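Novice: Starting from these lines, generate the structure:
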Amino acid sequence: MIKLQIVGNLGKDCIVNEVNGKKVINFSVAHTEKYKDGQGNQQERTTWVECAYWTDKTAVADYLKKGKMVYAEGSPSADPYLNKENQAAATLRMRVLTIQLLGGGDGAGSNQGNVTNAGSYNNPVMRTEPASHSMVSSPSADDDLPF
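Specialist: All right, here's what the predicted structure looks like:
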């Protein structure tokens, strides 16, 4: 399994949909990286990730508003397409398994870390799978690989 971890800001308010009787929260997360190019000029590159969070506990949707910062992890995929210039491009998508609210946005950062999968307001992490099935693996012989 490939795991993607992202921290970024929501580009717009989330949308809650229902597909075949199951609820999914769709949202987009942007991360902007600043760097200097070969000539020493300051550049910015923004990467967008289209996220789908399948859950029957949609209370978190009230907090997933444009500008809010989130941490999310899950399984990535890329969907190829041709852009306006008829060049190959891809949309980066993620099936979210864990989400954490980090605050930011419209100044309502007091929500930082306030929503859980159980609906209480103490633990900042939401999971779609039981904690015993965590995506963290135990150490293996592959741990000393250089990549």
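
Novice: check contacts around residue 56.
Specialist: For residue 56, the residues meeting the contact criterion (Cβ atoms under 8 Å, 6 or more residues apart in numbering) are 22-23. The C-beta positions use only the backbone N, C-alpha and C, and glycine is treated the same way.

Novice: For it, give me phi and psi.
Specialist: Recorded main-chain torsions at residue 56 are phi -90, psi -10, according to degrees, to the nearest 10.

Novice: ok, now the one 5 residues further on?
Specialist: Phi and psi for residue 61, reported as degrees, to the nearest 10, are phi -60, psi -30.

Novice: ok, how many other residues are close to it?
Specialist: For residue 61, the neighbour count with other Cβ atoms under 10 Å is 19.

Novice: wait, doesn't residue 15 sit right on residue 26?
Specialist: Yes - in this structure, residue 15 is within contact of residue 26 by Cβ atoms under 8 Å, at 4.9 Å.

Novice: who's more crowded, those two?
Specialist: Neighbour count, other Cβ under 10 Å: between residue 15 and residue 26, residue 26 has more, with 15 against 12.

Novice: and the spatially most central residue of the chain, bridged to which residues?
Specialist: With distances taken as Cα atoms, centre = their mean, residue 72 lies nearest the centre of the chain, 3.7 Å away. Here residue 72 sits in beta bridges with residue 6, residue 99, going by DSSP bridges.

Novice: Report the contact partners of it.
Specialist: Applying Cβ under 8 Å, 6+ apart, the residues near residue 72 are 5-6, 29, 49, 51, 53, 94, 96, 98-100.

Novice: could you redo the last one with a cut-off of 10 Å?
Specialist: By Cβ atoms under 10 Å, 6 or more residues apart in numbering, the contact set of residue 72 is 4-8, 27, 29, 49, 51, 53, 94, 96-100, 126.

Novice: Give me the below-cutoff pLDDT ranges for this protein.
Specialist: 104-147 (pLDDT under 70).

Novice: That one: strands as residue ranges?
Specialist: 4-10, 15-19, 22-36, 42-54, 69-82, 88-103, 125-127 (DSSP state E).

Novice: Could you say which one of those strands comes nearest to residue 63?
Specialist: Proximity to residue 63 (Cβ to Cβ) singles out strand 88-103 among these, at 5.5 Å.
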